[in-house]
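Q: give me a 3D structure for the following:
(chains A and B)
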Amino acid sequence: DAKTTQPPSMDCAEGRAANLPCNHSTISGNEYVYWYRQIHSQGPQYIIHGLKNNETNEMASLIITEDRKSSTLILPHATLRDTAVYYCIVESVGGSNYKLTFGKGTLLTVNP
Amino acid sequence: GAGVSQTPSNKVTEKGKYVELRCDPISGHTALYWYRQSLGQGPEFLIYFQGTGAADDSGLPNDRFFAVRPEGSVSTLKIQRTERGDSAVYLCASSLSLPNEQFFGPGTRLTVL
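A: Numbers count the residues shown, from 1 in each chain, chains lettered A, B, ... in the order given. The predicted structure is shown next:
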C-alpha cells in the first residue's frame, strides 16, 4: 500500500509556481521522500528526493516539514510541458529495498 | 546518452497467445525492474533483477508471467496464455548505484483481445 496521500488533481497558470503537497504521516526515520512525474504516454521520470533537509535541483525544490510528516514539491515557473501526473513516494534506500510503490499521484494541469 | 528502450511500443494479441516484451537498460546499470501500469493507476512492481538473477519476483501476478536477463543486460518479460486482464502498459526501469533513482523506458502497451 502507498504510504502517501496526494490530491488527485491541481491546476496552475503557466509561469506561476506550482506547489504540490504530499502527506506521509507514517514516515519512518530511514525513509526518503521521492518525487517522480509521468507525462502522458511516457514512462515515469525522476525529479528529486530528500530525507529531512530541503533540496533543490534544476527541475524543482523539495520542502520537507520539520516533523517529516508532509512535503511540498515546487516547480518555480511552471510551463505547459510540466503537465503530468506527479507521484510522491516514500521508501527506504539500500539494503534489500529497491522497488518503488506508486500511488495514484496528482494530475497537474498547467494552463496557458 | 541512450536511455532505457523497450520493444515493441505496442503489442496487440489474442487471448491465449504467448508474448515477449523486451527491455534494453542503460548501459552499465546492474539493476533492472519491470512494472505494470493499468489505466488510471500508478505503476505496480513486478520483478527486480540484480545482474542476471531475479532478486525478487514477488510482484508477478501468477505463473503465466516469467522474466529473464541471461547476460545481465537485456531483459525479456514473457507472458503465456494471455488474458484480457493482462492488458496494460509494461514499464521497464534500470538503475546504477541508488536503488530508488530509477530510469524508466517508454513502456510497451499490451492489448489482449
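
Q: could you use CA atoms for every contact and neighbour count after this?
A: Will do.

Q: could you pick out the residues of chain B near chain A for me?
A: The interface of chain B toward chain A, taken as Cα under 8 Å from any Cα of the partner chain, is made up of B:33, B:40-45, B:48, B:91, B:98-107.

Q: of those residues, buried ones?
A: Buried subset of the residues of chain B next to chain A (neighbour count, 16 or more other Cα atoms under 10 Å in any protein chain shown): B:33, B:42-45, B:48, B:91, B:99-107.

Q: from those, which shows the smallest pLDDT?
A: Ranked by pLDDT, these bottom out at B:Pro99 (58).

Q: from the centroid of chain B, which residue is nearest?
A: Centroid-nearest residue in chain B, with Cα atoms, centre = their mean: B:Trp34, separated by 3.5 Å.

Q: residues contacting it?
A: B:Trp34 makes contact with B:45-48, B:90-93 under the criterion Cα atoms under 8 Å, 6 or more residues apart in numbering or on different chains.

Q: how about it, secondary structure?
A: On the three-state scheme (DSSP: H, G, I helix; E, B strand; the rest coil), B:Trp34 is labelled strand.

Q: that one bridge partners, please.
A: B:Ile47, B:Cys92 (DSSP bridges).

Q: distance check, it against B:Leu91.
A: As judged by Cα to Cα, to the nearest Å, B:Trp34 and B:Leu91 stand 6 Å apart.

Q: can you tell if stretch A:9-19 touches chain B?
A: No - residues of stretch A:9-19 contacting chain B under Cα under 8 Å from any Cα: none, with a closest distance of 12.5 Å.

Q: which phi and psi does the residue nearest to B:Gln102 when sequence neighbours are not counted have?
A: Among residues not flanking B:Gln102 along the chain, B:Ser95 sits closest, at 4.9 Å (Cα to Cα, 6 or more residues apart in numbering or on different chains). Main-chain dihedrals, B:Ser95, degrees, to the nearest 10: phi -150, psi 160.
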